[in-house]
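Chemist: Need coordinates for the below:
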Amino acid sequence: MDSEPQYDPPMSEWTENDFDAIQVESGLPVHITMLGPLSEDTIDFYNDQISLLDDFDFEHQIQLFEVVEHEGMAYLITERHSYTNLSQRLTEMSENNTNTDVNELWKLIANIGVAVEELHRVNLIHGNLSPDNIFFDENGTVFLWKSGLYPMPEDETLSDTQIIPYWPEEVLNAHKFSPKTDIYSLGMVLNAVINHPVIFSSSEPDDLIPEVLSYTPSFDSAGIDFLSQCCSSNADDRPTLSFILSQRECVVYVQKMMKDKIDKEKEAQIAIRIKQHELADQLAQKQLVRRQLVADLKEAAKILDNPDS
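Modeler: Model prediction:
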């Protein structure tokens, strides 16, 4: 997907109002997100990251196709989906003044952890973990969006005020991304779930960053010891995903996810076998009809050859 004719309508006709109507010429509907003005180097970096993701068959990543530039604006092209994100859930919780109980919290940790771990397992990182980029399908399965689309190390400024509160000190001060970046972000996401999202007074990046750096999350109400370690200012003090997912409460949900996956695969195999049997029955029926037709034609030929018999 690297040339304008692949889109219908073509990019020259794109407007914000018709983003939902865009699809590739094959008929596959896509989702378009305006990223704003980006440098050519950043667009190339993002597309290189997307190519890395394409090398693997991930289960929990929303598929990214490419970043394109049109009239000075960069657009992210992704698969279209009907998932809801964590931000929407947090808004509903805030409006209803409800909290997540500890069992739901462990389930969330396990689900997000498994989704991030499949990236770390192949030496990739998400880099943008936040409630906006964590989605759920109707079964509660987690899918991550914008995986790998974090700022280049060479970028001199960090401008995304939606993600800045979820980045650790080494990113905000030194633009250093690593798997431990995702651990910190996971901790801050869980802080938002436990305590509701933090509302900072600053809206400009230069003012927001010092405010974020001075903020200390509290996990006392959750009673989960390692959460505060996730948000340590020292990356080396943060736990690994392997450690998090090995916790007894997480293991319960991880095992359930694995069982559900196996059950779905079995159901799919059974469905294939049923379909094969149905096709075989249809073929046998057709062969039976054909044999009967041939027999009838032979009988008719005999009658024609011997009309007096």
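Chemist: pLDDT wise, what is Leu35 at?
Modeler: Listed pLDDT for Leu35 reads 89.
Chemist: Can I get the one helix or strand it maps to as PDB, trimmed to CA atoms?
Modeler: Leu35 belongs to strand 30-36 when assigned by DSSP states H and E. Provided in PDB are the C-alpha atoms of strand 30-36 (Å, rounded to 0.1, in the frame of the first residue of the first chain):
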ATOM      1  CA  VAL A  30      -9.500   0.700   6.400                       C
ATOM      2  CA  HIS A  31      -9.400   3.200   9.300                       C
ATOM      3  CA  ILE A  32      -7.700   6.500   8.700                       C
ATOM      4  CA  THR A  33      -6.100   8.500  11.600                       C
ATOM      5  CA  MET A  34      -4.700  12.000  11.000                       C
ATOM      6  CA  LEU A  35      -1.300  12.200  12.800                       C
ATOM      7  CA  GLY A  36      -0.700  15.800  11.900                       C
END
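Chemist: Would you map the strands across this structure?
Modeler: In the chain, the segments counted as strands under DSSP state E are 7-8, 23-24, 30-36, 64-70, 73-79, 84-85, 134-136, 142-144.
Chemist: Where does pLDDT dip in the stretch 201-309 of the chain?
Modeler: Scanning the stretch 201-309 of the chain for pLDDT under 70 picks out the ranges 260-267, 269-270, 307-309.
Chemist: Show me what the lengthiest helix in the chain is packed against.
Modeler: Under DSSP state H, the helix in the chain containing the largest number of residues is helix 248-305. Other elements packing on helix 248-305 under the criterion 3 or more C-beta pairs under 8 Å, 6 or more residues apart in numbering; DSSP states H and E are helix 102-120, helix 241-245. C-beta here means a position set from N, CA and C on the backbone, and glycine is covered the same way.
Chemist: Distance to Tyr215 and mean neighbour count for the ones you listed - can I get that in JSON lines?
Modeler: As requested, these are exported to JSON lines (distance: least, C-beta to C-beta, whole Å; neighbours: other C-beta atoms under 10 Å):
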{"stretch": "helix 102-120", "distance to Tyr215": "20", "mean neighbour count": "20"}
{"stretch": "helix 241-245", "distance to Tyr215": "22", "mean neighbour count": "17"}
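Chemist: mind putting the ones you listed in JSON lines, distance to Lys146 included?
Modeler: Shown next, in JSON lines, are the helices and strands packed on helix 248-305 (distance: least, C-beta to C-beta, whole Å):
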{"stretch": "helix 102-120", "distance to Lys146": "12"}
{"stretch": "helix 241-245", "distance to Lys146": "19"}
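Chemist: Could you point out which of the ones you listed sits nearest Arg273?
Modeler: Between Arg273 and those, the shortest separation by C-beta to C-beta is 29.1 Å, and it involves helix 102-120.
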